[in-house]
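Asks: Coordinates for the following, if possible.
(one chain, ligands or ions: 3)
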Amino acid sequence: MWQASFPIILLIAFPLLAVGFALGVGYRKRKYKNRKVIFRLLKQVFDHTHDGVTITDPRGTIIAVNKTFTQVTGYSEAEVLGENPRILSSGYHDAEFYENYWQTLMREGIWQGEIWNRRKDGEVYLEWLTCKAVKDPDGEVTHYVAIFTDITEHRRQEARLEHATEHDRLTGLPNTANTLRELSRQIPNLQKRWCLMLVDIDNFRLVNASYGFAVGDQLLSSLARRLKECTQGLVARHSADVFICALPLTSGDDEGERGAMINRAKKYLSKPFSIKGRLMEFSFSIGTSTWQDASQSVNELLQEAELALHAAKSRGAGQIRHFTEDLREDRNPLILLQGLREALSNNELSLNFQPLVASGSRRIHALEVLLRWDHPTLGRIPPDQFIPLAERHGLMEPLGQWILEQSLKHYAEWQQQGIAPSRIAVNVSPLEFQAENFVDNLFSLLKKHKLNHEILELELTEGVFVQRDKETLDRLDALSSSGIHLAIDDFGTGYSSLAYLKHLPINQLKLDRTFIRSLPANEADRAIVESTLALCRGLKMTVVAEGVEEEAQADYLARKGCDLLQGYYFGRPADADETTERLIQNKVQIARVS
Ligand code: C2E
Ligand code: CA
Ligand code: CA
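Replies: Ligands and ions are numbered 1, 2, ... in the order given. Alright, predicted model coming up:
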């Protein structure tokens, strides 16, 4: 209250003071004793107020300033007396501004507003100024009293606050709301078309979990910088590890231009990042949508890009997908998630088993367990669509436990029937592996089903192995020394190299099917496969080729010494009953040979 009314009190007080000061109104000691007291008090206020005060004569010549004036402007009283306040001019305002200022002052006797002025040292500052015309009883202006407050810092704080709420603290990029607002403003006015590109860091959670948040943060900052460098549009941080780029399309050939931009971005992002002194490579998934016409809102555009990103991610890491209408009919992840929570209790989940055959004998050496979800209305949903969802929403641990339990139960039954293969291979999600009691739970499950540890193989993705903290290594050692086999899945698609795998207790490597697909014709794939086989031989690791679909592939791989083969050629994943039949056949074959 006091603060708010203070300038008003000053405004009433200073004209009096000014009049007293400047005109030197005569008063006799006795007669005007009261006035003298008031004058002294006002002088105190004048000297000690936190507002700067300038008093000029009607022509604008400065006749008095207070101490705050000197503190704010840097000019001493002696330097400004006799000068015009123009010496403070910043040059930021045009003639019209001053014209308006004077006209208002003449007409209304007061002007209030913000004004940029310049201090003696050249620094420009912002002040809140109230200028009042002081008039004599005849209505003639005798003085002008200007009271001002330096609000530069206050404005800076406001700007900082605005920046903080509109921008992401880590990367300094605008946030989504801010960018969408900016886009909405630009889209209808411009003839340009826009492409919205969402860039998602693959397995970012693993980056954080493996290297710590400091590395994760540095990656986000570096990525933000790269995106700004390689795109000419707006870049914003959308969520933890997803960035939005709004790219203007100008050439008329949307598709070509979009493709070129995305390729450029992808190429730029695929270069190694220097993080904490180490060069690291990451892969990114990209979803895009193009603004079609004025009826489409920016939010709709974003939704489309999100659907495209989701579709890209469901096809694995490093994929690009542009929005097309059919994606709308695709399964809504939120509905899926809700269904997944109920799937376990509703008996909608089941296991399939796919054989891994020995390349020489072609008999079943192991079975890989593959999860299946038969949704009551949506039908069968592929695991690579719902497993990432389960991972993101904390459902993977209970789901993983259920898979392990069921797998061992089936294996124990086959063992009792005398038809079990040497091993059963279970996929373990990195998030499941990180669960605190993963190892203990596993040991007690094996015990419950009276199974040897050697019959179990865990298929871990490279994400788990990248993590080199003591806890992970201890866990791997505990599993391995207990007799459980460890396999690295989808080898060649992630970040790991054989160089460091050799220090880990891994028994088996599964070569991703992308390297197998074009065998034996493709020379580059042949080189990769053959050198991996040679290295693994040295490291005493067995190798499984995934996705073997043709005899020629099987034949080539067997010749090159690949130990195990898996793929549609030897059998598609099948349910427990069909697998029992397969195992019986397998047994018959073994019996026939021996
Ligand atoms: P994955 O571990 O690489 O599993 C092999 C995938 O390749 C399976 O797909 C299998 O059906 C498919 N496949 C096998 N042979 C061939 C072939 O000759 N050609 C082609 N084109 N594909 C072949 P599926 O069952 O759709 O599983 C996809 C992924 O979902 C798995 O990849 C795995 O990452 C994940 N997944 C499946 N079941 C589980 C599970 O129980 N737990 C966890 N954590 N992940 C699972
Ligand atoms: Ca697997
Ligand atoms: Ca695999």
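Asks: can we go C-alpha only for contacts and neighbour counts from here?
Replies: Fine.
Asks: how about the nearest residue to the residue in the stretch 451-594 of the chain that ligand 3 sits nearest to, chain neighbours excluded?
Replies: Nearest residue of the stretch 451-594 of the chain to ligand 3, counting by Cα to the ion: residue 490, 4.1 Å away. Using Cα to Cα, 6 or more residues apart in numbering and skipping the chain neighbours, the partner closest in space to residue 490 is residue 512 (4.2 Å).
Asks: what about the one you found, how many residues close to it?
Replies: 17 (other Cα atoms under 10 Å).
Asks: For whatever residue of the stretch 251-400 of the chain ends up closest to ligand 3, give me its contacts.
Replies: The nearest approach of the stretch 251-400 of the chain to ligand 3 comes at residue 368, 9.8 Å away (Cα to the ion). Going by Cα atoms under 8 Å, 6 or more residues apart in numbering, residue 368 touches 353-356, 424-427.
Asks: Lowest-scoring secondary structure element of the protein by mean pLDDT?
Replies: The helix or strand of the chain with the lowest confidence, counting by mean pLDDT, DSSP states H and E, is helix 2-23 at a mean of 45.
Asks: tell me the phi and psi of the residue nearest the centre of the chain?
Replies: The centroid of the chain falls nearest to residue 241 when counting by Cα atoms, centre = their mean (2.4 Å). Backbone torsions of residue 241, given as degrees, to the nearest 10, read phi -120, psi 20.
Asks: repeat for residue 240
Replies: phi -40, psi -60.
Asks: do the one 3 residues further on as well
Replies: Here the main-chain torsion angles of residue 243 (degrees, to the nearest 10) amount to phi -110, psi 150.
Asks: Now it: closest residue in space that isn't a chain neighbour?
Replies: Excluding its sequence neighbours, the residue lying closest to residue 243 (Cα to Cα, 6+ apart) is residue 237, at 4.5 Å.
Asks: try residue 152
Replies: Per Cα to Cα, 6+ apart, closest to residue 152 is residue 126, 4.9 Å.
Asks: pLDDT averaged over the helix or strand hosting the one you found, what's the number?
Replies: According to DSSP states H and E, residue 126 maps onto strand 124-135. What strand 124-135 shows for mean pLDDT is 92.
Asks: follow-up on the earlier one: in helices, which of the contacts of residue 368 appear?
Replies: The members of the contacts of residue 368 all map outside helices under DSSP state H.
Asks: any chance of the residues you listed in JSON lines, with distance to residue 133, pLDDT and neighbour count too?
Replies: Formatted as JSON lines, those follow (distance: Cα to Cα, whole Å; pLDDT from 0 to 100; neighbours: other Cα atoms under 10 Å):
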{"residue": "353", "distance to residue 133": "92", "pLDDT": "98", "neighbour count": "24"}
{"residue": "354", "distance to residue 133": "93", "pLDDT": "98", "neighbour count": "23"}
{"residue": "355", "distance to residue 133": "96", "pLDDT": "98", "neighbour count": "28"}
{"residue": "356", "distance to residue 133": "96", "pLDDT": "98", "neighbour count": "27"}
{"residue": "424", "distance to residue 133": "94", "pLDDT": "98", "neighbour count": "25"}
{"residue": "425", "distance to residue 133": "90", "pLDDT": "98", "neighbour count": "24"}
{"residue": "426", "distance to residue 133": "87", "pLDDT": "98", "neighbour count": "24"}
{"residue": "427", "distance to residue 133": "84", "pLDDT": "97", "neighbour count": "20"}
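Asks: Look up phi and psi at the closest residue to ligand 3 within the stretch 51-200 of the chain.
Replies: Per Cα to the ion, residue 200 is where the stretch 51-200 of the chain lies closest to ligand 3, at 22.1 Å. Residue 200 has phi and psi values of phi -120, psi 130 when expressed as degrees, to the nearest 10.
Asks: That one is in contact with residue 239, isn't it?
Replies: No - Residue 200 lies out of contact with residue 239 (Cα atoms under 8 Å); the separation is 9.3 Å.
Asks: which SS class is residue 486?
Replies: Classification of residue 486 by DSSP: H, G, I helix; E, B strand; the rest coil places it in strand.
Asks: Let me know how buried it is, in neighbour terms.
Replies: With other Cα under 10 Å as criterion, residue 486 counts 22.
Asks: any idea how far it is from residue 570?
Replies: Distance, residue 486 to residue 570, using Cα to Cα, to the nearest Å: 23 Å.
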